[in-house]
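Novice: Quick check, what structure comes out for this input:
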Amino acid sequence: MANGLFITIEGPDGAGKTTVLNELFPRLQMIAKKEIIKTREPGGVLIAEKIRQIILNPDHRQMDERTEALLYAAARRQHLVEVIMPALNEGKIVICDRFVDSSLTYQGAGRRIGMKEIAQINEFATEGLEPDFTLYLDVDSDTGLRRIQNHRKKDIDRLDLEGLEFHQRVRHAYLKLAEENPVRIHRIDAKMSLQEVVESSFSAIVESNPTFFKRGE
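Specialist: Numbering: from 1, shown residues only. As a prediction, the model looks like this:
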């Protein structure tokens, strides 16, 4: 039985997840009671990174929706067995940029495959592993897409190219998940300044997981 702590960071495109995590991580390292590692999905290990390249390549616009969902689940499985589960079994803290919630919202709602169907695929892939705590960075779709256009012009991926309605479905699904899982998912207003988002995120993680982080530092 895993005895570590599994934290995920979620949010629509343009919410600033990766930037926030990069700011948070060194601060969390300073007060973590156990070793803490950061990773990402899809990716984190060689095989999963190769699958990531296939999924997100903007030249692969013909990819079927279910193919996309299965590739995400496959990448997740490999990442899980190579990185996440070994670390948790050793009692470490794992903080991951995206996990199953991303598949539920992007493929389940965004692609209209169905959140129940995506949950079933990922139940098989993860053997039921769920995060202990999820930080959800919330931003409206207009703002998120504008940020992508302004800051990621050279790194636009296949999902970034989807229209506004797709991204709105994703965000609404995230809000639904947050409403249905109030204990696990903590919502942060990602329209605040970066410093405010980082401070709010830091406080939420530390205060919600006192067994793993020193307080008052």
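Novice: ok, and the closest non-adjacent residue to the residue nearest to the spatial centre of the chain?
Specialist: Per Cα atoms, centre = their mean, the C-alpha nearest to the average position across the chain is that of Arg98, at 1.6 Å. Leaving aside its chain neighbours, Arg98 sits nearest to Glu41 (4.4 Å; criterion: Cβ to Cβ, 6 or more residues apart in numbering). In this view, the C-beta of every residue, glycine as well, is placed from N, C-alpha and C.
Novice: Does the one you found touch Ile55 like I think?
Specialist: No: Glu41 lies out of contact with Ile55 (Cβ atoms under 8 Å); the separation is 10.6 Å.
Novice: joint contacts of the two?
Specialist: Both Glu41 and Ile55 are in contact with 72, 75, where contact means Cβ atoms under 8 Å, 6 or more residues apart in numbering.
Novice: Could you pull out the strands in the protein for me?
Specialist: Listed in chain order, the strands of the chain (DSSP state E) span 5-10, 36-40, 93-97, 133-138, 185-189.
Novice: which stretch among the ones you listed comes nearest Gly16?
Specialist: strand 133-138 (6.2 Å; Cβ to Cβ).
Novice: Now do the closest one against strand 185-189, angle only.
Specialist: Angle, strand 133-138 to strand 185-189, by axes from the mean of the first three to the mean of the last three Cα atoms, to 10 degrees: 30 degrees.
Novice: Run through who's touching strand 133-138.
Specialist: For strand 133-138, contacts defined as Cβ under 8 Å, 6+ apart pick out 5-12, 15-17, 20, 99, 101, 171, 174-175, 177-178, 181, 184-190, 197, 201, 204-205, 208-209.
Novice: What's the PyMOL syntax to select whichever of those residues are buried?
Specialist: Here is the PyMOL command that picks out the buried ones among the contacts of strand 133-138, judged by 16 or more other Cβ atoms under 10 Å:
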select buried, resi 5+6+7+8+9+10+11+12+15+16+17+20+99+101+171+174+175+177+178+184+185+186+187+188+190+197+201+204+205+208+209
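Novice: and the strands of the chain as CSV, adding mean pLDDT and distance to Leu164?
Specialist: Converted to CSV, the strands of the chain look like this (pLDDT from 0 to 100; distance: least, Cβ to Cβ, whole Å):
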stretch, mean pLDDT, distance to Leu164
strand 5-10, 98, 20
strand 36-40, 97, 25
strand 93-97, 98, 24
strand 133-138, 98, 17
strand 185-189, 98, 20
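Novice: These into JSON lines, with extra columns for distance to Asp59?
Specialist: JSON lines is the format used below for the strands of the chain (distance: least, Cβ to Cβ, whole Å):
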{"stretch": "strand 5-10", "distance to Asp59": "27"}
{"stretch": "strand 36-40", "distance to Asp59": "22"}
{"stretch": "strand 93-97", "distance to Asp59": "24"}
{"stretch": "strand 133-138", "distance to Asp59": "29"}
{"stretch": "strand 185-189", "distance to Asp59": "34"}
